[in-house]
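1. Requesting a structural model of the entry that follows:
(one chain, ligands or ions: 2)
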Amino acid sequence: MRNPIPIKKLSVVIPIYNEEANIPQLFPRLMPVLEGLGRDYELLLADDGSRDRSMELLKQNAAQYPGKVKIVELARNFGQHPAILAAFRNVTGDGVITLDADLQNPPEEIPKLLAQLDEGFDVVGGVRQNRQDTFFRKFASKIVNKVTTLITGMKLQDYGCMLRGYSREVIDQINLCEENSTFIPALGLLFGRRTIEIKVAHEARSSGRTKYSLYRLVRLNFDLMTGFSVVPLQMFTLLGFAVAAGGLSFGAYLLVRRFLLLRHSEAEGVFTLFALAFFVMGVLMAGLGIVGEYIGRIYQEVRGRPRFTIRKIHGA
Ligand code: UDP
Ligand code: MG
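-> Residues are numbered from 1 along each chain as shown. Ligands and ions are numbered 1, 2, ... in the order given. The predicted structure is shown next:
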């Protein structure tokens, strides 16, 4: 069934944003793995507008591997996913693997993913074992994974793991997508014909702090939900019909009660009414917010600003 054509050249893509504390550890861990693959490779580092010494350190380290390392320097901070996409535009390998710069994704796992690409799978996802993140992050991910599967109909065990592999064909498809807000693992799944998820190790962030604030995390997850499904909008339409139907039946019941059962007017339950009113108002506001999430993204697209600008590619 499968048609395994081994990967000839592997491109490894790493987004970098203020990782000066991790770069000195990154190269000694990563490069021996890449050298040991026994095939051609290239390393693409997407510098996502770092304000610390990252760029300088990247250049220093890259100089030790002439012809192997490209640094895609972005004009400012665009975010992890746009940074990876900027690098995707410049990969030359027939297999591509992404990972994080903070060594949360152990470089030693690269051969495992590559083996699956060799097998003919065109998207290989990592599923983080013993995830080394805060309790809050792990808990939030569980919910996001469930909800995303439910509303997008995609089946991934771990949407957030960025240790992933892609075939050239899938990267070409991803490169054709122009959307501003996106989520690369979901995009990969969309274009992959043969996809697989494999267990990968996970480590605590080597140094420095996470670059994701709560706000950025929420935004990213809305990108995932709104970018790959309109089910949230449909749910509100359905909910609207259900609430309207409920209100109508309740009204009919009150009418019957007033004229046939009680035969006099009653005016209690004011606070129940308040509670109901606030509940419905809350639901309405949430619905409006969801509509807003879509409209905001449509507005972004309509403005048509570039989702990333590359200042320079070093070592090309
Ligand atoms: N990153 C980036 N741009 C950003 C935020 C993050 O390029 O705006 C990079 C970061 O340098 C790291 C990877 O994306 O290599 C994952 O970031 P981080 O470790 O902060 O995320 P977490 O592991 O907490 O989800
Ligand atoms: Mg991290």
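2. residue contacts, residue 113?
-> By Cβ atoms under 8 Å, 6 or more residues apart in numbering, the residues touching residue 113 are 97, 124, 126, 163-165, 198, 200. In this view, the C-beta of every residue, glycine as well, is placed from N, C-alpha and C.
3. let's go with 7 Å and repeat that
-> 97, 124, 165 (Cβ atoms under 7 Å, 6 or more residues apart in numbering).
4. name the element it belongs to?
-> Assigned by DSSP states H and E, residue 113 belongs to helix 110-118.
5. still on that earlier bit, and which of the contacts of residue 113 is nearest to ligand 1?
-> Closest approach between the contacts of residue 113 and ligand 1, by Cβ to the nearest ligand atom: residue 97, at 13.8 Å.
6. And the helix holding residue 113, what's buried?
-> For helix 110-118, burial by neighbour count (16 or more other Cβ atoms under 10 Å) applies to 110-114, 116-118.
7. how far away is residue 110 from ligand 2?
-> Residue 110 is 17 Å from ligand 2, where distance means Cβ to the ion, to the nearest Å.
8. ok, that residue touching residue 96?
-> No: Residue 110 is beyond contact range of residue 96, at 11.3 Å (criterion: Cβ atoms under 7 Å).
9. that older thread, the buried residues of helix 110-118: which ones sit near ligand 1?
-> Among the buried residues of helix 110-118, proximity to ligand 1 is found for none (Cβ under 6 Å from any ligand atom).
10. Take the contacts of residue 113 and write them to TSV, including pLDDT.
-> Listed next are the contacts of residue 113 as TSV, based on pLDDT from 0 to 100:
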residue	pLDDT
97	98
124	97
165	98
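11. quick one: which of those is most hemmed in?
-> Neighbour counts for the contacts of residue 113 (other Cβ atoms under 10 Å) peak at residue 165, which has 30 neighbours.
12. The helix or strand where that one lies - which strands sit beside it in the sheet, and in what orientation?
-> Per DSSP H and E, residue 165 falls inside strand 164-167. Strand 164-167 pairs in its sheet with strand 95-98 (antiparallel), strand 123-128 (antiparallel), by DSSP bridges.
13. Could you identify which of the ones you listed is most buried?
-> strand 95-98 (a mean of 27; mean count of other Cβ atoms under 10 Å).
14. which other residues reach it?
-> Contact with strand 95-98 is made by 7, 10-13, 84, 110, 113-114, 117, 162, 164-168, 171, as judged by Cβ under 7 Å, 6+ apart.
15. please redo it, this time with the cut-off set to 6 Å
-> With contact meaning Cβ atoms under 6 Å, 6 or more residues apart in numbering, strand 95-98 is reached by 7, 10-13, 84, 110, 113, 117, 162, 164-166, 171.
16. helices or strands up against the helix or strand hosting residue 276?
-> Assigned by DSSP H and E, residue 276 belongs to helix 270-303. Contact here means 3 or more Cβ pairs under 6 Å, 6 or more residues apart in numbering; DSSP states H and E; on that basis helix 270-303 packs against helix 214-228.
17. And ligand 2, is the helix it packs on touching that?
-> No: if you take Cβ under 5 Å from the ion as the test, helix 214-228 misses ligand 2, and the best it gets is 11.9 Å.
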